[in-house]
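**Q** what follows is a predicted structure for the sequence shown.
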Amino acid sequence: MSEQKLIAFMKNLKAKNPGETEFHQAVEEVAAEIIPFITANPKYSEAKLLERMVEPERTIIFRVPWRDDRGEIQINRGFRIQMNSAIGPYKGGLRFHPSVNLGILKFLAFEQVLKNSLTTLPMGGGKGGSDFDPKGKSDNEVMSFCQSFMSELFRYIGPDTDVPAGDIGVGAREVGFLFGQYKKLRNEFTGVFTGKGRSFGGSLVRPEATGYGNVFFAEEMLKTKGNSLKGKVCAVSGSGNVAQFTVEMLNKLGAKVVTLSDSNGFIFDKDGINEEKLAWVMELKNEKRGRIRKYAEKFGCEYSDGKRPWGVKCDAVFPSATQNEISKSDAEILVKNGCSVVSEGANMPTESDGVKIFLKAKILFGPSKAANAGGVAVSGLEMSQNSLRLSWTREEVLAKLQGIMQAIHANCLANGQEENFVNYAKGANIGGFIKVADAMLAQGVV
């Protein structure tokens, strides 16, 4: 019965949202677990809560004209998906990347609703961005684009309405330009953006939060087996913010990280990416904006062009680059090579068939909506600090982050129990759904 309901549900969703493959994937993975739960709890079925949750409350699409350094006018497209505000103002990042389209942002916004619910903080879910590519652009060009983008978006956001943040392609530079334009247009200084610089309301630990939180979640999963990350050989993909701070925390916990990657390929350093090497990577990526192959040239290790690091033998993997970077065949290789922990730092980095491989093998699999929720959790803490007009110490924020990740793990544990196995994907989906669904029920059909 549940299978038939899932087929009918997905048929209707695909008909209403044609061509949005990432959105279809994200919804189907959740619906496969939620529909049997709803069937067993008729109050959710009668109110058609899942059908309402997959339909954005508001979708905003706008043009973004800007002038490049040659004086030529360029035009990009801007988006904001305000998905669900049942438990708080919309909250979710902005992504600037050529791959951005409506389907990708709807998938991210839908995931964000459940992720934000899991954090225990009062935040709804949203996502936005543009097909603008900040790579290779000058600071003036990025500023011109950001100011034009915010000149339209400012109408739809606010500290009690929608609070954006950074994502792929939107770092401290972009957040600064966006916030500055918002402040000018609204003539107010409010906590409408998170991921801000420390000099104008940003929170300590926010840059580190997604990577640190992912490692904390993996450590909690291992504790259920009486184990830890100490001594584990780890493969990390990506080399941006999430990957960098994943490596930093793994090093602190005594693990050895042997890979990093970017869109061109990956490096394999059998001796491990220690603190000194990581500092070099941070300078390469954050300041020089160079390619990861330079690491291999600098430290004399292997570099594989055009490949991902999932063939490297390791104990644990932390995919931290982008969606669908682990295929079914990658998952099979990882399991065959003895990998026993997968903790997702990126959003939906494993294809659906790959997730099935991990679950069938009964390894510890931390889905992104749980494992990478540390970033938005500290964003929520930044919102609180802005509202209170104060700043917490690094130790205070770090302790709160660790507590939130432990609470997320406990929620997944409670809702993901199967015979002799914890299905964290199921636990995250059901745990995230319940809070949002109960809020929607209490608020009526609105």
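**A** That came through fine. Numbers count the residues shown, from 1 in each chain.
**Q** burial of the nearest residue to K196 once chain neighbours are set aside, as a residue count?
**A** Nearest residue to K196 in three dimensions, chain neighbours excluded: G202, at 3.9 Å (C-beta to C-beta, 6 or more residues apart in numbering). C-beta here means a position set from N, CA and C on the backbone, and glycine is covered the same way. Neighbourhood size, G202 [other C-beta atoms under 10 Å]: 22.
**Q** low pLDDT regions in the chain?
**A** 1 (pLDDT under 70).
**Q** ok, now with 90
**A** 1-2, 42, 45, 172, 287-289, 446 (pLDDT under 90).
**Q** picking up where we left off before, how about the residue nearest to K196, phi and psi?
**A** Dihedral angles phi and psi of G202 (degrees, to the nearest 10) take the values phi -70, psi 160.
**Q** quick one: contacts for it?
**A** 194-196, 382 (C-beta atoms under 8 Å, 6 or more residues apart in numbering).
**Q** equivalent analysis for F177, please.
**A** Contacts of F177 (C-beta under 8 Å, 6+ apart): 142-143, 146-147, 150.
**Q** what does L359 give?
**A** Counting by C-beta under 8 Å, 6+ apart, the residues that L359 touches are 365, 423, 425.
**Q** one more pass at 10 Å, please.
**A** 331, 365, 418, 421, 423-426 (C-beta atoms under 10 Å, 6 or more residues apart in numbering).
**Q** out of these, what pair is the most spread apart?
**A** By the measure C-beta to C-beta, A331 and E418 form the most distant pair in the contacts of L359, at 19.1 Å.
**Q** of those two, who's got more company?
**A** A331 (27 against 11).
**Q** report the buried residues of the strand or helix carrying the more buried one.
**A** Using DSSP states H and E, A331 sits in helix 328-336. Judged by neighbour count (16 or more other C-beta atoms under 10 Å), helix 328-336 contains these buried residues: 330-335.
**Q** and if you look at stretch 61-70?
**A** 62, 64, 66.
**Q** report the distance from it to the chain centre.
**A** Chain-centre distance of stretch 61-70: 27 Å, with C-alpha atoms, centre = their mean, to the nearest Å.
**Q** and for stretch 220-240?
**A** With C-alpha atoms, centre = their mean, you get 18 Å for stretch 220-240.
**Q** what does stretch 235-255 give?
**A** For stretch 235-255, the distance to the chain centre is 15 Å (C-alpha atoms, centre = their mean).
**Q** what's the span of that stretch from first residue to last?
**A** Taking C-alpha to C-alpha, to the nearest Å as the measure, stretch 235-255 stretches 10 Å from start to finish.
**Q** would you mark the buried spots in that stretch?
**A** 235-251, 253, 255.
**Q** repeat for stretch 92-108
**A** So, applying 16+ other C-beta under 10 Å, buried residues of stretch 92-108: 92-97, 100-108.
**Q** how about stretch 279-296?
**A** Neighbour-count burial for stretch 279-296 [16+ other C-beta under 10 Å]: 281-282, 284-285, 291-296.
**Q** can you tell me which of those end up in helices?
**A** 281-282, 284-285, 293-296 (DSSP state H).
**Q** check the offset of the longest helix along the chain from the chain's centre.
**A** What stands out as the longest helix in the chain, according to DSSP H, is helix 394-415. Distance of helix 394-415 from the chain centroid (C-alpha atoms, centre = their mean) equals 16 Å.
**Q** okay, now the sheet partners of the helix or strand following that helix, with direction.
**A** The first helix or strand that comes after helix 394-415 along the chain, using DSSP H and E, is strand 417-418. Within its sheet, strand 417-418 is paired with strand 421-422 (antiparallel), according to DSSP bridges.
**Q** what's the partner strand in contact with?
**A** Against strand 421-422 from outside (C-beta under 10 Å, 6+ apart): 221, 224-225, 359, 362-365, 409, 412-416.
**Q** of the residues you listed, which count as buried by neighbour count?
**A** With neighbours counted by 16+ other C-beta under 10 Å, these contain buried members at 221, 359, 363-365, 409, 412-413, 415-416.
**Q** any idea which helix or strand carries I75?
**A** Element membership for I75, per DSSP H and E: strand 73-84.
**Q** can you point out the buried residues in that strand?
**A** For strand 73-84, by 16+ other C-beta under 10 Å, it's 74, 76, 78-84.
**Q** redo those residues as CSV? Include distance to E395.
**A** CSV is the format used below for these (distance: C-beta to C-beta, whole Å):
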residue, distance to E395
Q74, 45
N76, 41
G78, 38
F79, 38
R80, 35
I81, 36
Q82, 35
M83, 34
N84, 33
